[in-house]
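**Q** fold the following.
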Amino acid sequence: MRKTLLILLVLLVLLLVLAGLSGAAPSDAPTDTNTPTNTPTHTPTITQTPSVTPTPTLIPTSTPTPTPTQIVLIVSTPVGGTPTVPLQANGCYPPLGLTVGGMVLLRGGVNVRSQPTESGPLVNYYPSQVLLHLIGGPVCADGWNWWHIAGVGEPGWAVEGKPGFYFIKQYSAPNAPTCAAPLDTIQVGGKLRTITGSRVRQTPANNGFVITVVQAPRVTLDVLDGPFCADGLNWWKVRAPYGNTNTVVEGWIAEGFPTNYFVQGLSSNGRPAVACRAPLRLHSGSRVGVTYRDGVPRHLRGAPNSSAPVITDLLDGVELQVINNNSTCADGYNWWQVQIIATGTTGWIADGYQGITGSTCW
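**A** Numbering: from 1, shown residues only. This next block holds a predicted model:
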């Protein structure tokens, strides 16, 4: 009996132990179900990553850094126009500070007139830029400043242009040394004769390209322009034969030095020109009268030399007005371009003396 009770007691204990084990399993299940509840808490941390994506929106805000393109626009806008220059009381702009007696460059296509006015007769025209002497001016007329120029062909008046668009400008050779006074027996439009063999250069300078060489002395050349001071020498633009051919070329020849001239001027009769005495102190606008005592009328000629065609005879007492500011020396006379006040006829007349000793001409 006791064995039976002991066996039942043991069985009861076993049943209790088994019951305890089976109850522990359900108590662990909630911990398993809690893990899913934890996953949502992790998912917010995952969804947090999209909250970082707004930071890329800052990148577009940095793209405006290419706005330096605006700087280019700002810099390009101030091009800077022509400064406003007020007109003077005479109706012209302030004239350029050109030096009378110097050289100027005149652009091509500008009319050269006998008088400083738009109604003045046309006396010259240069199709391309040309180097000229400035012999007078400025004169204000018709709203323009006019300058008196001389070079190839007839001298005359040309407008200087206006601020921002000028037709004429001063020219000076860079680092040009001082030259001796040029020979007044050599004149543009006249002729000169070589004394020694001379080089004809493309430009008026010792380093100018040699076009040809006039090897023989006593060769007569046409004078086209000059004088131009460079390298301590006065240069004249001439028309010369090319070598031993019949072809002619144009270039510059040096005059030489007072103690050793390479060329000499010729008068209209082909003889060595006679030097002129100092001219009368006349200028553009001066009024003069013809006077003589030998009973022989003086001549108004078509060019400044004694062999030029006679335009008309000038009787004693005829009143004239001087057109140019500087005389032209030719054939031993100082020639002035004048206009007959009564008729408006223009031409050239000598001012009274030939050579140094002289004989009265008017």
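
**Q** give me the below-cutoff pLDDT ranges for the stretch 51-200 of the chain.
**A** 51-83, 172-177 (pLDDT under 70).

**Q** mind listing the helices for it?
**A** 58-62, 68-76 (DSSP state H, counting those that start in this stretch).

**Q** who touches the most centrally placed residue in the chain in this structure?
**A** Per C-alpha atoms, centre = their mean, the C-alpha nearest to the average position across the chain is that of residue 169, at 7.6 Å. Taking C-beta atoms under 8 Å, 6 or more residues apart in numbering, we find residue 169 in contact with 96, 104, 105. C-beta coordinates here come from the backbone N, C-alpha and C atoms, glycine included.

**Q** kindly reformat those residues as a markdown table containing distance to residue 320.
**A** Below are the contacts of residue 169 laid out as a markdown table (distance: C-beta to C-beta, whole Å):
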| residue | distance to residue 320 |
| --- | --- |
| 96 | 30 |
| 104 | 28 |
| 105 | 32 |
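
**Q** hmm, which of those are the buried ones?
**A** The neighbour-count test (16 or more other C-beta atoms under 10 Å) marks 96, 104 as buried among the contacts of residue 169.

**Q** of the contacts of residue 169, closest to residue 290?
**A** residue 104 (33.1 Å; C-beta to C-beta).

**Q** what's near enough to touch the closest one?
**A** Going by C-beta under 8 Å, 6+ apart, residue 104 touches 98, 131, 132, 133, 134, 147, 149, 168, 169, 170, 171.

**Q** what's around the fourth one, how many residues?
**A** Counted by other C-beta atoms under 10 Å, the residues lying close to residue 133 total 21.

**Q** so it sits against residue 103, correct?
**A** Yes - using C-beta atoms under 8 Å, residue 133 is in contact with residue 103, at 6.4 Å.

**Q** tell me the secondary structure of residue 14, please.
**A** Secondary structure for residue 14, judged by DSSP: H, G, I helix; E, B strand; the rest coil, is helix.

**Q** what pLDDT does the model give it?
**A** Looking at residue 14, its pLDDT reads 74.

**Q** now it: how far from residue 8?
**A** According to C-beta to C-beta, to the nearest Å, residue 14 stands 11 Å off from residue 8.

**Q** wait, is residue 11 part of a helix?
**A** Yes - using three-state DSSP, the secondary structure at residue 11 is a helix.

**Q** ok, now which ones touch it?
**A** Contact partners of residue 11, counting by C-beta under 8 Å, 6+ apart, are absent.

**Q** from now on call the first residue 40
**A** All right, first residue 40 from here; so that's residue 50.

**Q** so where do the strands sit in the stretch 40-189 of the chain?
**A** Applying DSSP state E, counting those that start in this stretch to the stretch 40-189 of the chain gives strands spanning 142-145, 149-152, 161-165, 169-180, 183-189.

**Q** mind listing what the nearest residue to residue 274 once chain neighbours are set aside touches?
**A** Using C-beta to C-beta, 6 or more residues apart in numbering and skipping residues adjacent in sequence, the residue nearest residue 274 is residue 243, 3.5 Å away. Residue 243 is in contact with 265, 267, 269, 274, 276, 291, counting by C-beta under 8 Å, 6+ apart.

**Q** one more time with 6 Å, if that's ok
**A** Residues counted as contacts of residue 243 (C-beta atoms under 6 Å, 6 or more residues apart in numbering) are 267, 269, 274, 291.

**Q** in the sheet, which residues pair with the second one? Tell me.
**A** It refers to residue 269. residue 272 (DSSP bridges).

**Q** tally of neighbours for it?
**A** Neighbour tally, residue 269, other C-beta under 10 Å: 22.

**Q** also the third one?
**A** Neighbourhood size, residue 274 [other C-beta under 10 Å]: 25.

**Q** how about residue 294?
**A** When neighbours are defined as other C-beta under 10 Å, residue 294 has 24 of them.

**Q** now it. Nearest residue, chain neighbours left out?
**A** Residue 294 sits nearest to residue 273 (C-beta to C-beta, 6+ apart), 4.2 Å away.

**Q** does that neighbour really touch residue 223, like I thought?
**A** No - assessed by C-beta atoms under 6 Å, residue 273 is found out of contact with residue 223, at 11.1 Å.

**Q** and the gap between the spatially closest residue to residue 268 that is not a sequence neighbour and residue 266?
**A** With sequence-adjacent residues excluded and distances taken as C-beta to C-beta, 6+ apart, residue 268 is closest to residue 218, at 3.8 Å. For residue 218, the distance to residue 266 (C-beta to C-beta) stands at 8 Å.
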